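Chemist: The following comprises the amino acid sequence and a computationally predicted model.
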Amino acid sequence: MKVHIVTLSGRFVNTKVKCGNGQNLFLMRLGAGARTLGLKSKMFISEEQGCLEGERISLLQFKKSLVDRSNRLSSWTGLDCCKWKGVSCSSTTGHVLKLDLQNLQATYDDIGRYWDNSYYCNNCLEGEINQSLINLTHLDYLDLSLNNFSAIKIPEFLGSFKNLKYLNLSSSGFVGSIPTHLGNLSSLEHLDIGIHEVDGPNFNNLATNNLDWLFGLSSLRTLDMSGISIGHSENWLNPINKLVSLASLNLAFCNLGTTNPLSHVNSTTALVWLNLYENYLDSTILFWLSNLTSLEYLSLG
């Protein structure tokens, strides 16, 4: 930890420095002679905080549950997890804020082998998503997209991150029902659980009978649920209509059919980009579409 105590009019101000273990390190006051130390006469207090031990252990437990064929997480050693690839921390508290493990090296060779039963992606992370991640209580960004978590469900505990603003689980081989617990992410602004490409690697095989859990995502600005089967819900449009901050919506390939008519279209909607390609919509959708006054892009297919 590096601590810089800087002067005000040549004097050290009383400064309390908190260590990573929560203890106060010291209080200091020096006289005007401190100018001889060459410190600038302006107020500046900063602290560089390294990785918190409890969060480092949680990340190592998470790593242990993964299969990492290409050693993408080879940097995950040593005491300072803030220096590990894909991990970003607060410079003042040391809390892990961002975990970005998107597979940026998915190739078209991998895509071509997707439909082969012997398929695996050389650059993908596989295995289980350890619940130890729940200890990263300050996490606001999580990206696990384009990996290969085939045949496992989206973990319910992902709905426990109260500070999460960005969640991307697209094209990572998740299966089963979408956990309604995701509706607890009241700070979430970006949610992507759809398909990265129609024939992309590790197509998610997800479904949901209703979208009522979206009511809890009042801060949502972008939503991608492309490729998710929500065709059995006749009330899918109502929760979408209540997302007043939503600017981008992708519901392509969702088997959407008839929807119950809306009694009121939210006049404050910010929707600019809308993809409803390859669905089975009827004329009941037109009343909603005609009231989207900010819309710039629309695909119905």
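Modeler: Okay, I see it.
Chemist: Next up, the contacts around residue 162.
Modeler: 137, 184, 185, 186, 187 (Cβ atoms under 8 Å, 6 or more residues apart in numbering). C-beta: built from backbone N, CA, C; applies to glycine.
Chemist: okay, the first one: pLDDT?
Modeler: Which is residue 137. At residue 137, the model reports a pLDDT of 97.
Chemist: Take the contacts of residue 162 and keep only those in strands.
Modeler: Of the contacts of residue 162, none are assigned to strands by DSSP state E.
Chemist: right, and the pair among those with maximum separation?
Modeler: Distance extremes for the contacts of residue 162: the farthest pair is 137 and 186 at 14.8 Å, using Cβ to Cβ.
Chemist: can you pull out the helices in the stretch 151-300 of the chain?
Modeler: Using DSSP state H, counting those that start in this stretch, the helices assigned to the stretch 151-300 of the chain run over residues 237-241, 286-289.
Chemist: Determine how far the last one lies from the middle of the whole chain.
Modeler: Pointing back at helix 286-289 there. Offset of helix 286-289 from its chain centre (Cα atoms, centre = their mean, to the nearest Å): 31 Å.
Chemist: Kindly report the same for stretch 88-107.
Modeler: Here stretch 88-107 is found 10 Å from its chain centre; the criterion is Cα atoms, centre = their mean.
Chemist: per-residue confidence averaged over that stretch?
Modeler: For stretch 88-107, mean pLDDT rounds to 91.
Chemist: related to what we said a few turns ago, wait, which of the helices of the stretch 151-300 of the chain is closest to residue 177?
Modeler: Residue 177 lies closest to helix 237-241 among the helices of the stretch 151-300 of the chain, at 16.3 Å (Cβ to Cβ).
Chemist: Would you check how far apart residue 142 and residue 53 are?
Modeler: Between residue 142 and residue 53 the distance is 21 Å, computed by Cβ to Cβ, to the nearest Å.
Chemist: My error: substitute residue 98 in the last question.
Modeler: On the measure of Cβ to Cβ, residue 98 and residue 53 end up 19 Å apart.
Chemist: Looking only at neighbour counts, state which of the two leads.
Modeler: Each of residue 98 and residue 53 has its neighbours counted (other Cβ atoms under 10 Å); residue 98 has more, 17 against 13.
Chemist: Ranking helices and strands of the protein by mean pLDDT, which lands last?
Modeler: Across the helices and strands of the chain, the lowest-confidence element by mean pLDDT, DSSP states H and E is strand 7-8, at a mean of 35.
Chemist: List the buried residues of the lengthiest helix in the chain.
Modeler: In the chain, with assignment by DSSP state H, the single longest helix is helix 53-64. By neighbour count on 16 or more other Cβ atoms under 10 Å, the buried set for helix 53-64 is 55, 56, 58, 59, 60, 62, 63.
Chemist: repeat for stretch 129-147
Modeler: Judged by neighbour count using 16+ other Cβ under 10 Å, the buried positions of stretch 129-147 are 129-133, 135-136, 138-147.
Chemist: got a list of contacts for stretch 75-91?
Modeler: 48-51, 55-56, 59-60, 63, 72-73, 94-101, 138, 141.
Chemist: mind listing what's buried in stretch 277-290?
Modeler: Buried-residue list, stretch 277-290, by 16+ other Cβ under 10 Å: 277, 278, 279, 281, 285, 288.
Chemist: quick one: which two of those are the most distant?
Modeler: Every pair of those checked by Cβ to Cβ; the farthest is 278 and 288, at 18.5 Å.
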